[in-house]
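Peer 1: Give me coordinates for this.
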Amino acid sequence: MKRSLKRTLVIAAAVLGLLGSIAGTQSADAEEKYKFYYSASYYGNDWQAEATNMIKAMAAYYGDKIDLRVKVAGANAQRQIQQMNAMIQAGANAIIVYPISPTALNKVAKAACDKGVVVIAYDSEITEPCTYVAKVDAVDLGRARAQWLADELGGKGDIVVITGVAGTSFNEDVIKGQNEVFAKYPDINILAEVDGEWEHAGAKLRLTEILATRTWDDIDGLIVQTGCWAATTMQLDAGIPPEELRPCSGETSNGHRIQMLPAGSVEGAVGLRSLSNGSAPWGGAYAVKLALKKLEGEDISPRWHKLDPNPVVTGNVKLCETGSQAELLAGCHVVNPEIVPATWYADFWSPWVPEIGLDAALVGDPEPK
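Peer 2: Coordinates of the predicted model:
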């Protein structure tokens, strides 16, 4: 419990003060290291906080080679372009970027490549061919979520769709995949489609607005980009028994996957019917690793490094008691809720990134060498 409390306090501090504390870790011998820049666009939710922690942890693991500096553009493509131009002028060797647009950054990305800068986008895409991409196939991810829900509902019913951040390529690709599937099921009716901005608080707010004119009796199921945990918690708070909870197909937050465990097996477990898949927050850290390999002369083809959406369905969820590397290697999917908060993401580890694990996700510390 002491370890859990310590992590909880550190996470709280990170969420409240991350924008002020993520400035680059420039050291006295920075000139002897590769200059890495991380360009963040949309910022402010738990996924991005966790992803940033893991980028910092990967850079720290290779701290004898990498000097990492972080810039946050917000949801402003023009500002991100300006910042990336400044990175090029400052002598960047690599730029890891979460792009707000798949096309707006093409010109500055090409300028970076022409200067010998390694540019890798994660989670979303830059379409300029000289760049690399580390992300899931978001269209397939959306298809899988929609197909699971359609099957669960027997091909008919009234559903609520909660999307992500409007204008981002990841959001649009997920929606595209979902719509391809729902077009095959004329008896599935979308009651409402709302933008939850990839936040549980945003999902809760939008559902509250929907429920101002409807009731849970009007809703047969949900498909969300972030918010299954919030939606299920709202139903439980409304007195809906676990066996009557609406199926929810969505993201990989720890609270969501805890809810999928057999009722009573751990605090918060209710046997929620669900498919959980998503974009892993370790993608940016993997991009750091790829960029270092490229700078050291390795071939990092192909251009698109397709990440696993790590799907799991009710009945197959395995609990990590501690989140140790041994448990992760054994194939668990969710971590004890005393260790990882409900709104943080459970798919924080992969054999592709053994340098980082639970402490990287929570507090930005790499695994010991």
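Peer 1: Okay, strands next: where are they in the stretch 51-200 of the chain?
Peer 2: Remark: strands assigned in the stretch 51-200 of the chain by DSSP state E, counting those that start in this stretch are 66-72, 94-97, 118-122, 132-135, 157-163, 188-195.
Peer 1: The last one - contacts with which helices or strands?
Peer 2: Where contact means 3 or more Cβ pairs under 8 Å, 6 or more residues apart in numbering; DSSP states H and E, strand 188-195 is packed against strand 157-163, helix 200-210. Every residue, glycine included, has its C-beta placed from N, CA and C.
Peer 1: circling back to that earlier point, out of the strands of the stretch 51-200 of the chain, which gets nearest to residue 264?
Peer 2: strand 157-163 (27.5 Å; Cβ to Cβ).
Peer 1: Could you find the closest non-adjacent residue to residue 366?
Peer 2: Closest residue to residue 366 apart from its sequence neighbours, by Cβ to Cβ, 6 or more residues apart in numbering: residue 61 at 3.7 Å.
Peer 1: residues contacting the one you found?
Peer 2: By Cβ atoms under 8 Å, 6 or more residues apart in numbering, residue 61 lies in contact with 355, 356, 366, 367, 369.
Peer 1: For residue 246, give its distance to residue 69.
Peer 2: 45 Å (Cβ to Cβ, to the nearest Å).
Peer 1: If you count surrounding residues, which of these two has more?
Peer 2: Comparing residue 246 with residue 69 by other Cβ atoms under 10 Å, the one with more neighbours is residue 246, at 23 against 19.
Peer 1: before we move on, back to that, between the strands of the stretch 51-200 of the chain, which one is nearest to residue 51?
Peer 2: The nearest among the strands of the stretch 51-200 of the chain, by Cβ to Cβ, is strand 118-122 at 7.8 Å.
Peer 1: elements contacting the closest one?
Peer 2: strand 94-97, helix 106-114, strand 132-135, helix 283-295.
Peer 1: Next SSE downstream of the worst-scoring helix or strand of the chain on mean pLDDT?
Peer 2: Lowest on mean pLDDT, DSSP states H and E among the helices and strands of the chain sits helix 2-21, with a mean of 44. Moving toward the C-terminus from helix 2-21, the first helix or strand encountered (DSSP states H and E) is strand 34-40.
Peer 1: Residue 343: what's it in contact with?
Peer 2: Counted by Cβ under 8 Å, 6+ apart, residue 343 has contacts 46, 200, 229, 253, 254, 255.
Peer 1: if we go to 6 Å?
Peer 2: Residues near residue 343 by Cβ atoms under 6 Å, 6 or more residues apart in numbering: 46, 200, 253.
Peer 1: correct me, but the first one touches residue 344?
Peer 2: Going back to what we said before, that points to residue 46. Yes - contact status for residue 46 versus residue 344: in contact at 5.2 Å, counting by Cβ atoms under 6 Å.
Peer 1: The closest residue to residue 157 other than its chain neighbours and residue 246: what is the separation?
Peer 2: Of all residues beyond its chain neighbours, the one nearest residue 157 is residue 220 (3.3 Å), with distances taken as Cβ to Cβ, 6+ apart. Residue 220 is 6 Å from residue 246, where distance means Cβ to Cβ.
Peer 1: measure residue 153 to residue 223 for me?
Peer 2: For residue 153, the distance to residue 223 - Cβ to Cβ - is 10 Å.
Peer 1: hmm, back to that, would you turn the strands of the stretch 51-200 of the chain into TSV with mean pLDDT and distance to residue 149?
Peer 2: Output for the strands of the stretch 51-200 of the chain, formatted as TSV (pLDDT from 0 to 100; distance: least, Cβ to Cβ, whole Å):
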stretch	mean pLDDT	distance to residue 149
strand 66-72	96	35
strand 94-97	98	32
strand 118-122	98	27
strand 132-135	98	23
strand 157-163	98	7
strand 188-195	97	8
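Peer 1: just to revisit the earlier point, and residue 153 and residue 223? which has more neighbours close in?
Peer 2: When residue 153 and residue 223 are compared for neighbours, residue 223 comes out ahead with 28 against 18, by other Cβ under 10 Å.
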